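>>> return a 3D structure for these sequence lines:
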Amino acid sequence: MVVAQLLVEGFVTPLRWWLVVPFALVCGAFAGWRAARAGRVTRTRDEGIGRREHLLSAYEVRSPYDMSAPTSRYDAVRFELRVTNRGLQMWDGTTQLWSHPWRTLRLTAEGKVLVIYHEGETIGRMLVRTPDGSPRELLLAARRLQARGAQADRA
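Below is the predicted model of the structure:
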């Protein structure tokens, strides 16, 4: 315990407040800017959810053709596939690319690539970021939500 205290005092003593304070201010301003930016994107995406619609899950997705590493963390989470109780939504940052109800969608997998069909036409081929790297959990959720929607349509 005494050794740790001596190490901390030996490290902190040479640092002057005029070095620490500007560094802390710059780091704090950058963190605040990043949080505000992320909050704006999330708020915009949440506004895209309709009445009586609930967000069930959101997945980071990327193109299966772009095998390069993202240049920044923002690029890695730029595209998001949102699963709601009524359908799927595809987002690029704060822009909603499309939104379709479950009854018009069909999802399949080609290995680790998720393929989304809307009324018979392919509207998306993407890699979904899941714990195991496969779209299985999304396919299972889609089957259940489509079955629930079909039951609601019959009732």
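>>> could you pull out the helices in the chain for me?
2-12, 17-47, 73-76, 136-154 (DSSP state H).
>>> the bottom helix or strand of this structure by mean pLDDT?
Taking mean pLDDT, DSSP states H and E as the measure, the helix or strand of the chain with the lowest value is helix 73-76, at a mean of 51.
>>> returning to what we had before: pick out the shakiest of the helices of the chain, pLDDT-wise.
Lowest mean pLDDT within the helices of the chain: helix 73-76, at a mean of 51.
>>> can you tell me who the spatially most central residue of the chain pairs with across the strands?
Geometric centre of the chain, nearest residue: Glu60, 4.0 Å, by C-alpha atoms, centre = their mean. Per DSSP bridges, the residues bridged to Glu60 are Glu80.
>>> what pLDDT does the model give it?
90.
>>> equivalent analysis for the one 5 residues further on, please.
pLDDT recorded at Tyr65 is 78.
>>> and it, how many neighbours?
9 (other C-beta atoms under 10 Å). (Each C-beta comes from the backbone N, C-alpha and C, glycine too.)
>>> quick one: contacts for Cys27?
Shown in contact with Cys27 (C-beta atoms under 8 Å, 6 or more residues apart in numbering): no residues.
>>> so how far is Val21 from it?
11 Å (C-beta to C-beta, to the nearest Å).
>>> do the same with Trp102
Distance from Trp102 to Val21, by C-beta to C-beta: 54 Å.
>>> ok, now Lys112?
49 Å.
>>> those two: who's more crowded?
Lys112 (14 against 10).
>>> need the phi and psi values for the more buried one.
Main-chain dihedrals, Lys112, degrees, to the nearest 10: phi -100, psi 0.
>>> who's in contact with it?
By C-beta under 8 Å, 6+ apart, the neighbours of Lys112 are Pro64, Leu127, Gly133, Ser134, Pro135.
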